[in-house]
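Visitor: structure for this input, please:
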Amino acid sequence: MIEGGQPFFMTGGSSGVLLIHGFTGLPVELFLLGQFLNQQNFTVLCPRLAGHGTTENDLMRTTKDDWFNSVLDGFEILRGVCDKIFVIGHSMGGLLTLKLAAEREIPKIITLAAPIFIDDGLGIKNLPPKELCGNACTFTQRRKLDDVPPAVNYVYKKTPLISVHELLDLIGDVKNLLPTVKTPILIMHGEEDHTAQPRSARFIFDNVGSSVKKIITVPNSGHLLPLDENRDFVFDEVLNFIRS
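Guide: Model prediction:
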């Protein structure tokens, strides 16, 4: 397992928060948010999604169902120690949060930069059909982040194309599930997001079945809302929504 790939658990009060990291991401990307919430007396768990935090070959062998099963496992662990569980997902973790809310009773959920529409610059239009992907990968680059846990920068250098198909299939599933999600929801998205198009947030807002829903566009922020320079604003809005 690569550094930062370990799940983390922070003991707190009887209210729990399940954090779900993103596609090719690591639990450590949500460590600062988890630490902030734990300081507010929440019990916090961030599981490692199957195929993540180890090798690209492991990711290649997992599916969207494997990722969701990792979320279900984490939810059941928290349910054993907490009276209520809030769920927060970043990027693909936001999609998995919505899917979980369609299947489980949750008081409130929060999505951070959930991708309904992938930015055109990532070359999705050139993705070969699933049956032709084989073991092919695309090289991925992310700018080195400062003022964050160092392990945040140890993400996969390659992304299996077959796994991108699994992500797109998950997006399709969630789009169909949105009207069945009735959970109060906060939808946050960076206005400078060049991974998940910002219009993804409006699509979720317009199509989710929740009667209580709020959308916040974070100015001068990109895709990595839990790590970006405006993360304190994001953390405060998350806490306000949970407590409201």
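Visitor: beyond the helix or strand of the chain with the lowest mean pLDDT, next helix or strand please.
Guide: When the helices and strands of the chain are scored by mean pLDDT, DSSP states H and E, strand 137-139 comes last with a mean of 85. Helices and strands here follow DSSP states H and E; after strand 137-139, the next one along the chain is strand 158-160.
Visitor: who does the following helix or strand past that following strand touch, helix- and strand-wise?
Guide: On the C-terminal side of strand 158-160, the closest following helix or strand by DSSP H and E is helix 161-177. The contact analysis (3 or more C-beta pairs under 8 Å, 6 or more residues apart in numbering; DSSP states H and E) places helix 161-177 against helix 56-60, helix 64-79, helix 92-103, strand 137-139. All C-beta atoms are positioned from the backbone trio N, CA, C, and that covers glycine.
Visitor: contact partners of the helix or strand just after the longest one?
Guide: Downstream of helix 64-79, the first helix or strand assigned by DSSP H and E is strand 84-90. With C-beta atoms under 8 Å, 6 or more residues apart in numbering as the test, strand 84-90 has contacts from 14-22, 25, 29-30, 33, 42, 75, 78-79, 95-98, 100-101, 106-114, 224-226, 238, 242.
Visitor: what pLDDT, on average, does strand 84-90 get?
Guide: Strand 84-90 shows a mean pLDDT of 98.
Visitor: strands paired with it, and their directions?
Guide: Using DSSP bridges, strand 84-90 pairs in its sheet with strand 15-20 (parallel), strand 109-112 (parallel).
Visitor: just to revisit the earlier point, the least confident helix or strand of the chain pairs with which strands?
Guide: Sheet pairing for strand 137-139, using DSSP bridges, gives strand 158-160 (antiparallel).
Visitor: now do the buried residues in stretch 167-182.
Guide: Neighbour counts over stretch 167-182 (16 or more other C-beta atoms under 10 Å) mark Leu167, Leu168, Leu170, Ile171, Asp173, Val174, Leu177, Leu178, Val181 as buried.
Visitor: now it: how far from the chain's centre is it?
Guide: 14 Å (C-alpha atoms, centre = their mean, to the nearest Å).
Visitor: mind checking the pLDDT average for that stretch?
Guide: The model assigns stretch 167-182 a mean pLDDT of 97.
Visitor: can you show me the CA trace of it as PDB?
Guide: Extracted in PDB, the C-alpha atoms of stretch 167-182 (Å, rounded to 0.1, in the frame of the first residue of the first chain):
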ATOM      1  CA  LEU A 167     -16.500   5.600 -13.600                       C
ATOM      2  CA  LEU A 168     -18.700   6.600 -16.500                       C
ATOM      3  CA  ASP A 169     -21.000   3.600 -15.900                       C
ATOM      4  CA  LEU A 170     -21.300   4.800 -12.200                       C
ATOM      5  CA  ILE A 171     -22.200   8.300 -13.400                       C
ATOM      6  CA  GLY A 172     -24.900   6.800 -15.600                       C
ATOM      7  CA  ASP A 173     -26.300   4.800 -12.600                       C
ATOM      8  CA  VAL A 174     -26.300   7.900 -10.400                       C
ATOM      9  CA  LYS A 175     -28.100  10.100 -13.000                       C
ATOM     10  CA  ASN A 176     -30.900   7.500 -13.000                       C
ATOM     11  CA  LEU A 177     -31.000   7.300  -9.200                       C
ATOM     12  CA  LEU A 178     -31.100  11.000  -8.500                       C
ATOM     13  CA  PRO A 179     -34.900  11.400  -8.400                       C
ATOM     14  CA  THR A 180     -35.100   8.600  -5.800                       C
ATOM     15  CA  VAL A 181     -32.600  10.400  -3.400                       C
ATOM     16  CA  LYS A 182     -34.700  12.300  -0.800                       C
END
